[in-house]
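Undergrad: with the sequence up front, the predicted model follows.
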Amino acid sequence: MIRVENLVKDYGSLRAVNGINFQVNDGEILGFLGPNGAGKSTTLKMMTTYLAPTSGNVQVDDLNILEHSLEIRRLIGYLPELNPLYVEMNVYDYLQFVASAREITGQAFKKRLGEVVDMCGLRGVIHKYISELSKGYRQRVGLAQAIFHDPKILILDEPSSGLDPNQIVEIRELIKSLGKKKTLIMSSHILQEIELTADRMVIINKGEIVADGTTEELMRSFKGKTVLTLEVKNAHEADVNGIAEAVRTVSVAKIINQNGTLTAQLEYPNTIDPRSEIFDYAVSRRWTILEMSRYRVSLEDVFRTLTVEGGMQNG
Ligand code: ADP
């Protein structure tokens, strides 16, 4: 398990990461999401021991980045954001170079090379120069480099940035298949990218965590909702609450009573439209409807709320 504890990073007078806490469970694919400049790369660099924190720590099982940076590097495979490759090398030589830095040579290298090349779909390009490869293939080489020593943990910084839509799908599938056997953390500034890949997501904005939960949980709370404001006269509060009984898909978020006029906020999933049932119910109870207005919460709304207006804590 990885535990990020009160992690802070200052660049001069700029606080890029402001005391963040989150944890990553073994075997999980964690999406680390946030707009550009939020502090994702800085956090990942500290987690991989490439950058010293200003304060705070990261625990990896019973090791921590302050005292055990070498041991932690052995446990982690890291694909940095700009995927620095030696483009004048061919894929074979590059992987041999990477492997030798990890002290994997001779027979052990040959055996592992075969596995990695198959996993990353590099069989056809093994003798090509990296400079000849498309961005998608370069990213595969970057992933091959990261997994060569069979690390327990994989940390990928914006692995699909700069790829075309087809390449994105391929890399996403590759990441998912690699993630089956490892603890995997990937960053992205695109909500959908994380939604499609990660089990859990942590959202960071301006150096602070604004949401943390399972992807399913967060996506449900994100995209699902329509808020319907219903203003009625001649109604009893208990009766208005009764809507949730009568129309099962609706929940009552709040009711305000102002001099006998009740304003109820009803919520239901975006995928359905129970307005006529709500109307029928209102008529059957003989309410006078003054207003019925609808607000759809979109994915973009939520991401904006979380990352522009200061955010909300979730979970
Ligand atoms: P993200 O990966 O989410 O785009 P970064 O971690 O790269 O965010 O950057 C967070 C903030 O720190 C940004 O304001 C960025 O400009 C600043 N920053 C990043 N690296 C450096 C650096 N080496 N020196 C000074 N400021 C930096």
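TA: Looks like it arrived, so ask away.

Undergrad: pretty sure Val252 sits in a helix.
TA: No - per DSSP: H, G, I helix; E, B strand; the rest coil, Val252 lies outside any helix segment and is strand.

Undergrad: tell me the contacts of it?
TA: Val240, Asn241, Ile243, Ala244, Ala264, Gln265, Leu266, Glu267 (Cβ atoms under 8 Å, 6 or more residues apart in numbering). The way it works is simple: take the backbone N, C-alpha and C, and place the C-beta from them, glycine included.

Undergrad: rerun that using 10 Å as the cut-off
TA: Residues counted as contacts of Val252 (Cβ atoms under 10 Å, 6 or more residues apart in numbering) are Leu230, Glu237, Val240, Asn241, Gly242, Ile243, Ala244, Ala264, Gln265, Leu266, Glu267.

Undergrad: element containing Ile72, please.
TA: helix 69-75 (DSSP states H and E).

Undergrad: what helix or strand does Gly213 sit in?
TA: Gly213 belongs to strand 208-214, assigned by DSSP H and E.

Undergrad: next, give phi and psi for Tyr268.
TA: Here is the backbone geometry of Tyr268 (degrees, to the nearest 10): phi -150, psi 160.

Undergrad: would you verify that Gln107 is located in a strand?
TA: No - using three-state DSSP, the assignment for Gln107 is helix, not a strand.

Undergrad: each with direction, which strands does the helix or strand just after the helix holding Ile72 pair with?
TA: Using DSSP H and E, the helix or strand that directly follows helix 69-75 along the chain is strand 76-79. The strands beside strand 76-79 in its sheet (DSSP bridges) come out as strand 153-156 (parallel).

Undergrad: related to what we said a few turns ago, partner strands of the strand holding Gly213, parallel or antiparallel?
TA: Here, using DSSP bridges, strand 208-214 pairs with strand 200-205 (antiparallel).

Undergrad: off-centre distance for the strand it pairs with?
TA: Relative to its parent chain, strand 200-205 has a centroid offset of 6 Å by Cα atoms, centre = their mean, to the nearest Å.

Undergrad: go on, stretch 84-91?
TA: The chain centre lies 29 Å from the centre of stretch 84-91; the measure is Cα atoms, centre = their mean.

Undergrad: okay, that stretch in CSV with CA atoms only?
TA: Taking Å, rounded to 0.1, in the frame of the first residue of the first chain, the C-alpha atoms of stretch 84-91 are listed here in CSV:
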residue,chain,number,x,y,z
PRO,A,84,12.5,10.8,-22.4
LEU,A,85,13.9,8.2,-24.9
TYR,A,86,17.2,8.0,-26.6
VAL,A,87,15.9,8.4,-30.1
GLU,A,88,19.2,7.6,-31.8
MET,A,89,19.1,4.1,-30.3
ASN,A,90,17.0,1.2,-31.7
VAL,A,91,14.4,-0.3,-29.5
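
Undergrad: which residues touch Thr249?
TA: Taking Cβ under 10 Å, 6+ apart as the test, what Thr249 contacts is Leu266, Glu267, Tyr268, Pro269, Thr271, Ile272, Asp273, Pro274, Glu277, Ile278.

Undergrad: give me that answer again for 8 Å
TA: So Thr249 contacts Tyr268, Pro269, Ile272, Pro274 (Cβ under 8 Å, 6+ apart).

Undergrad: please report how far it lies from Leu154.
TA: Going from Thr249 to Leu154 by Cβ to Cβ, to the nearest Å gives 41 Å.

Undergrad: wait, Val116 touches Ile147, no?
TA: Yes - between Val116 and Ile147 there is a contact under Cβ atoms under 8 Å: 6.2 Å.

Undergrad: can you classify Lys45 as helix, strand or coil?
TA: Using three-state DSSP, the structure places Lys45 in helix.

Undergrad: so Val116 and Ile147 - more neighbours on which side?
TA: A count of neighbours by other Cβ atoms under 10 Å puts Val116 above the other of Val116 and Ile147, at 22 against 19.

Undergrad: doesn't that one lie inside a helix?
TA: Yes - the assignment for Val116 is a helix, going by three-state DSSP.

Undergrad: nothing else from me, thank you.
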